[in-house]
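A.B. asks: here are the coordinates; sequence isn't available:
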C-alpha cells in the first residue's frame with residue numbers, strides 16, 4: 001500500500017505559494033491509518049519511551065495511538081492559552097510566519113524519555129520548539145516522529161542530529 005496515495009495536495013493554503021499536505025484522506029482509510037500507525041509504533045518501539053508528545057492539532061491523531069501502543073503517557077503541546085494549568089511557552093518560525101506553543105509545566109519529569117510526534121516536518125521550527133520545551137523540563141528527546149517530511153525545506157537541520165523517523169518523504 002502506498003500511503004502517499006492518501007495525501008492530498010491543497011494549493012495556496014494557508015496562503016498563496018504554500019502547498020498544504022492534507023492528511024484527511026489518510027484518516028478516512030482504516031487500512032491506511034493502520035499501516036501508518038504500525039510504522040510509527042515500530043519506529044518508537046526501538047527506543048524506551050516514557051512520554052509521547054503530540055503537537056496541536058494534527059499530531060494528536062496518531063500521537064495518542066502511538067502512546068497507547070507503546071504504553072507511554074501522552075502530552076499535548078498546544079497553541080497559547082489552550083491548556084488550563086501552568087505552562088511553559090516557546091516561540092518558533094513557520095514556513096509562513098511565526099507562532100508559539102505551550103506545554104503543561106508538570107507534563108515532563110526530569111529523565112523522561114520522550115517521543116515527539118507531529119504530522120509534518122517542514123522547516124523544523126515547530127519540532128525544534130517542542131524539543132526545547134521538553135528539554136527545559138528535563139526530558140530527553142529520543143525520537144522525533146512524523147507522518148511526512150518535506151525534505152526540500154531542510155527541517156532536519158533545525159533538530160540538531162536528533163533521531164528522526166518519517167513515514168513518507170517528499
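C.D. replies: That came in fine, so what should we check first? All values reported here derive from a predicted model rather than from experimental measurement.
A.B. asks: for this structure, which helix is longest?
C.D. replies: For the chain, the longest helix by residue count, based on DSSP state H, is helix 30-44.
A.B. asks: What's the first helix or strand after that helix?
C.D. replies: For helix 30-44, the following helix or strand on the C-terminal side (DSSP states H and E) is strand 51-55.
A.B. asks: picking that back up, I'd like the average pLDDT over the longest helix of the chain.
C.D. replies: Averaged across helix 30-44, pLDDT comes to 98.
A.B. asks: If you count neighbours, what's buried in that helix?
C.D. replies: Under the neighbour-count criterion of 16 or more other CB atoms under 10 Å, helix 30-44 has 32, 33, 35, 36, 37, 39, 40, 41, 43, 44 buried. In this view, the C-beta of every residue, glycine as well, is placed from N, C-alpha and C.
A.B. asks: how far off strand 51-55 does that helix point, in degrees?
C.D. replies: Helix 30-44 runs at 130 degrees relative to strand 51-55, counting by axes from the mean of the first three to the mean of the last three CA atoms, to 10 degrees.
A.B. asks: what does helix 30-44 rub up against?
C.D. replies: Contacts of helix 30-44 with the rest of the structure, by CB atoms under 8 Å, 6 or more residues apart in numbering, involve 1, 3, 6, 25-27, 52, 62, 65-66, 69-70, 115, 117, 143, 145, 147, 165, 167.
A.B. asks: Output the buried residues of helix 30-44 as TSV; include the columns distance to residue 74.
C.D. replies: Listed next are those as TSV, based on distance: CB to CB, whole Å:
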residue	distance to residue 74
32	22
33	17
35	21
36	17
37	14
39	19
40	13
41	14
43	17
44	12
